[in-house]
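# What follows is a predicted structure for the sequence shown.
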Amino acid sequence: MTETTIKWWQKAVVYQVYPRSFQDTNHDGIGDIQGIIDHLDYLKRLGIDVIWLNPIYQSPNDDNGYDISDYQKIANEFGTMSDFDRLLEAAHQRGLRLIMDLVVNHTSDEHAWFKKSRASRDNAYRNFYFWRAGNGEKAPNNWDSAFGGSAWQYDEKTQEYYLHTFSTKQPDLNWENPQLRQSIYDMMNWWLTKGIDGFRMDVINQISKRPGLPDGPVKPHSEFGDSQVTNGPRVHEFLREMHREVLSKYDAMTVGETHGVTPADGLKYAGQNRHELDMIFEFQHLRLDNSQHGFGKWSTRKTPLVGLKQVINEWQTGLNGQAWNSLFWNNHDTPRAVSRFGNDSPQYRERSAKLLATCLHLLQGTPYIYQGEEIGMTNAHFTRLTDYRDIETLNAYQEVVTQKHQLSAPEMMARIEANSRDNSRTPMQWDATENAGFSETTPWIRVNENYPMVNVKAALADPDSVWFYYQKLIDLRHDYPLITLGDFKLLLPDDEAVFMYERRWQEQTWIVICNFTDQTIDRELTSVVTAQARLIISNYQDDGGNQLRPYEAKVYAL
Ligand code: ISL
Ligand code: CA
């Protein structure tokens, strides 16, 4: 790849907006489209190129908009289609692109297709979904749902079960059916013709189910089997068809959310000549702190740095020159990066937020910033279950504590505090006024209590803030092709404290050094960092040489 053959989305920095929690303008406690329009200049000033919106389609909100009842309508609480059109135009006027969430593994059970599908055994929409007879008194197979319990729901009306790998209100679409596929492509073409710039595709590697829907291996602590719905046999065929029927006609970007993939899978989904997707979100680097005792994400372990470096190394080198990485520490399904990988105490919050930013934004790939990350927003640290809203969190508590008594309430609350998706869904902290300037009324979910300290207004008043550091990193990426194109080489792979790597492009070499601990440590750097090396960016005011101070990050051009 050279500077001239590179695609626009390879040079871009993406900012993820979770509309429900970004800015409320009509005083109902829920963020809305007007709230996004109001902050476009803010995003432009930060320097980002692309906005990704979490779902804003009509939805009964069983799973915050990931249960869509009409793909071509905007949810009332967010506004109208003409509000959306104004947003798109206002973004484009500022040179910002806008990509939408595409949720086509499932719909809401209130979608017109499902209502028809459910009405009788022999209707034109029956095969838009998976309907099966029970296995005696039991569900058709042993698959579990991602949100707990069986993946099958019995439906009285036609006395069959339907498949839902997420909540019971999110029936899985049957991609084996060509008519369903065509309906999805029509909808995608409709949005792209409207002028949107691409899609983030929700759980897109789950759309091909294994033929015959066989039982999966039973998991520890569970009466159910693993549904094994990822990377099914026809997924690449479907994605290529989608490319042919839709994506090939536009200069759009696509990023697929793909759980359970390796770099080898990455080459298939996002390989340059594969005609599938432009890039994928992989999750190996977010799995390293999972429970080792069958509780999945519900754990309080810390991510081991050596393992993290290994995973990132594999993706950086594994895709280099053949496919394209997406780079992210957090999103609307994860804890906040600074709380998870850094240190959210008042002493180290800003320093470690900048460290994480440095480490990620100097990698090869397209960086994603999740709203609030640019001011170092932290986990919510809610202590009461009633403060949580997320279906995954509430279901998990019911299952683990109330039904199965596997963990005590305080044990599970600690795990929820560390991992709940609501950690990243609390309202954006704009200023120190009530409700953090998000809304004039009580928000749909509680504001993080640290908003008087951690907010945009305070960040913009401080030239040394996390915010200005992000702005500088984005500028650097736009100015130096090395950051976009350079080869990556991991240095000190076994060092448990320091994440150090090299980027090399043409005649230039840069070195990135990040101390992931709260200790001052000594590393012999003079052999790598030559005397003429120029310091490009650092999260300390001066250069401490071989002394790496707590959460110190620095980048040199050799
Ligand atoms: O959040 C998770 C990790 O705990 C997953 O179980 C999550 O559901 C998975 O990452 C898939 O996520 C996507 O699809 C879900 C939706 O709830 C998530 O918000 C979305 O990002 C179902 O549409
Ligand atoms: Ca509102």
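Cool, got the structure. Ligands and ions are numbered 1, 2, ... in the order given.
# Please look at residue 84 and residue 33 and confirm they touch.
Yes: using C-beta atoms under 8 Å, residue 84 makes contact with residue 33 at a distance of 5.9 Å. C-betas here are computed from N, CA, C, even on glycine.
# what touches both of the two?
Common neighbours of residue 84 and residue 33, using C-beta atoms under 8 Å, 6 or more residues apart in numbering, are 56, 74.
# Settle it for me: which of the two has more neighbours?
Under the criterion of other C-beta atoms under 10 Å, the comparison of residue 84 against residue 33 puts residue 33 first, with 27 against 22.
# And the closest residue to ligand 2 within the stretch 51-200 of the chain, how far from ligand 1?
Residue of the stretch 51-200 of the chain nearest ligand 2, by C-beta to the ion: residue 77 (6.2 Å). Residue 77 sits 17 Å away from ligand 1, going by C-beta to the nearest ligand atom, to the nearest Å.
# Repeat that for residue 92.
To ligand 1, residue 92 is 26 Å away according to C-beta to the nearest ligand atom.
# any idea how far the helix or strand where that residue lies is from the chain center?
Secondary structure from DSSP states H and E places residue 92 in helix 81-93. Centre-to-centre, helix 81-93 and its host chain are 24 Å apart (C-alpha atoms, centre = their mean, to the nearest Å).
# repeat for stretch 260-271
How far stretch 260-271 lies from its chain's middle: 17 Å, per C-alpha atoms, centre = their mean.
# about what we covered before: now do the helix or strand just after the helix holding residue 92 against helix 81-93, angle only.
Counting by DSSP H and E, the element after helix 81-93 in chain order, helix or strand, is strand 97-102. Interaxial angle of strand 97-102 relative to helix 81-93 (axes from the mean of the first three to the mean of the last three C-alpha atoms, to 10 degrees): 140 degrees.
# send the alpha carbons of the helix or strand just after strand 97-102 over as PDB?
Following strand 97-102 in sequence order, the next helix or strand is helix 112-119 (DSSP H and E). Output of helix 112-119 as PDB, limited to C-alpha atoms (Å, rounded to 0.1, in the frame of the first residue of the first chain):
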ATOM      1  CA  ALA A 112     -43.700  -6.600  10.700                       C
ATOM      2  CA  TRP A 113     -41.800  -9.600   9.200                       C
ATOM      3  CA  PHE A 114     -41.800 -11.400  12.600                       C
ATOM      4  CA  LYS A 115     -45.500 -10.600  13.300                       C
ATOM      5  CA  LYS A 116     -46.400 -12.200  10.000                       C
ATOM      6  CA  SER A 117     -44.000 -15.000  10.500                       C
ATOM      7  CA  ARG A 118     -45.500 -15.900  13.800                       C
ATOM      8  CA  ALA A 119     -49.100 -15.700  12.600                       C
END
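# Using just helix, strand and coil, how would you label the most centrally placed residue in the chain?
Residue closest to the mean C-alpha point of the chain, counted by C-alpha atoms, centre = their mean, is residue 331 at 3.7 Å. In three-state terms, and counting by DSSP: H, G, I helix; E, B strand; the rest coil, residue 331 is coil.
# I figured it hits residue 372, correct?
No: contact criterion C-beta under 8 Å: residue 331 and residue 372 do not qualify, at 11.5 Å.
# Common neighbours of the two, please.
The overlap between the contact sets of residue 331 and residue 372 (C-beta under 8 Å, 6+ apart) consists of residue 424.
# The lengthiest helix in the chain: how far from the chain's middle?
Ranked by number of residues, the top helix in the chain under DSSP state H is helix 178-194. Helix 178-194 sits 24 Å away from the centroid of its parent chain (C-alpha atoms, centre = their mean).
# got the CA positions of that helix in PDB?
Extracted in PDB, the C-alpha atoms of helix 178-194 (Å, rounded to 0.1, in the frame of the first residue of the first chain):
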ATOM      1  CA  PRO A 178     -32.800 -15.700  -0.500                       C
ATOM      2  CA  GLN A 179     -35.900 -13.500  -0.100                       C
ATOM      3  CA  LEU A 180     -34.800 -12.400   3.300                       C
ATOM      4  CA  ARG A 181     -31.300 -11.600   2.000                       C
ATOM      5  CA  GLN A 182     -32.800  -9.600  -0.800                       C
ATOM      6  CA  SER A 183     -35.000  -7.600   1.600                       C
ATOM      7  CA  ILE A 184     -31.900  -6.800   3.700                       C
ATOM      8  CA  TYR A 185     -30.000  -5.700   0.600                       C
ATOM      9  CA  ASP A 186     -32.900  -3.500  -0.500                       C
ATOM     10  CA  MET A 187     -32.900  -1.800   2.800                       C
ATOM     11  CA  MET A 188     -29.100  -1.300   2.800                       C
ATOM     12  CA  ASN A 189     -29.300   0.200  -0.700                       C
ATOM     13  CA  TRP A 190     -32.000   2.500   0.500                       C
ATOM     14  CA  TRP A 191     -29.800   3.900   3.300                       C
ATOM     15  CA  LEU A 192     -26.700   4.200   1.100                       C
ATOM     16  CA  THR A 193     -28.600   5.900  -1.600                       C
ATOM     17  CA  LYS A 194     -29.700   8.400   1.000                       C
END
